[in-house]
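**Student:** whatever this is, show me its structure:
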Amino acid sequence: MVIEENRILFEATSQKRAEKARDELPSLLGGAARFRAISYEDVEQALKRAPQTTKPKEPDIPVEEQRKILGEYYENHYHKWLDEPVPALGNRTPRHAAKLKTVRPKLIALLKDFESRTG
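**Tutor:** Next up, the predicted model:
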């Protein structure tokens with residue numbers, strides 16, 4: 001969905017989804033918007049209209065600096081995380097859960113899940 005000054009452009013991948021948006025968006029927006037039109041485009045047309053990809057733009061921040069910033073962010077985040085209640089641990093902090101034999105397996109599973117997502 002693209003929200004512009006005077007209109008909302010909603011793109012869908014099927015006619016059914018477009019019609020559902022047409023029917024539901026005006027009420028979701030409290031009557032602040034009204035339906036104007038649905039247009040259909042096949043995949044070939046969309047590909048022709050899509051911007052051609054070019055060489056990726058170099059990041060404004062050097063890669064090494066990005067890594068440093070992210071590393072500091074995650075170190076700070078996980079340091080704080082140790083003392084924040086976690087719903088998956090029954091709203092106990094990870095530090096507290098580590099001391100409880102009954103909750104420790106949930107903490108271990110949570111940490112393994114973190115590891116598998118970052119590895």
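**Student:** tally of neighbours for residue 94?
**Tutor:** As a burial measure, residue 94 scores 20 neighbours (other C-beta atoms under 10 Å). Quick note: C-beta positions are derived from backbone N, CA and C, even for glycine.
**Student:** would you agree it is in contact with residue 87?
**Tutor:** No. With contact defined as C-beta atoms under 8 Å, residue 94 does not reach residue 87; the gap is 11.9 Å.
**Student:** okay, domains of this protein per the record?
**Tutor:** 2-49, 63-118 (automatic domain parsing).
**Student:** now the element after the helix or strand of the chain with the lowest mean pLDDT, going C-ward?
**Tutor:** Least confident helix or strand of the chain, by mean pLDDT, DSSP states H and E, is strand 2-3 with a mean of 74. For strand 2-3, the following helix or strand on the C-terminal side (DSSP states H and E) is strand 8-9.
**Student:** how close does the residue of the chain most remote from its centre sit to residue 108?
**Tutor:** If you look at how far each residue of the chain sits from its centre, by C-alpha atoms, centre = their mean, the farthest one is residue 101, at 34.2 Å. To residue 108, residue 101 is 12 Å away according to C-beta to C-beta, to the nearest Å.
**Student:** for residue 8, give me its contacts.
**Tutor:** The contact partners of residue 8, by C-beta atoms under 8 Å, 6 or more residues apart in numbering, come to 1, 2, 25, 29, 33.
**Student:** one more pass at 10 Å, please.
**Tutor:** Contacts for residue 8 (C-beta atoms under 10 Å, 6 or more residues apart in numbering) come out as 1, 2, 21, 25, 29, 32, 33, 36.
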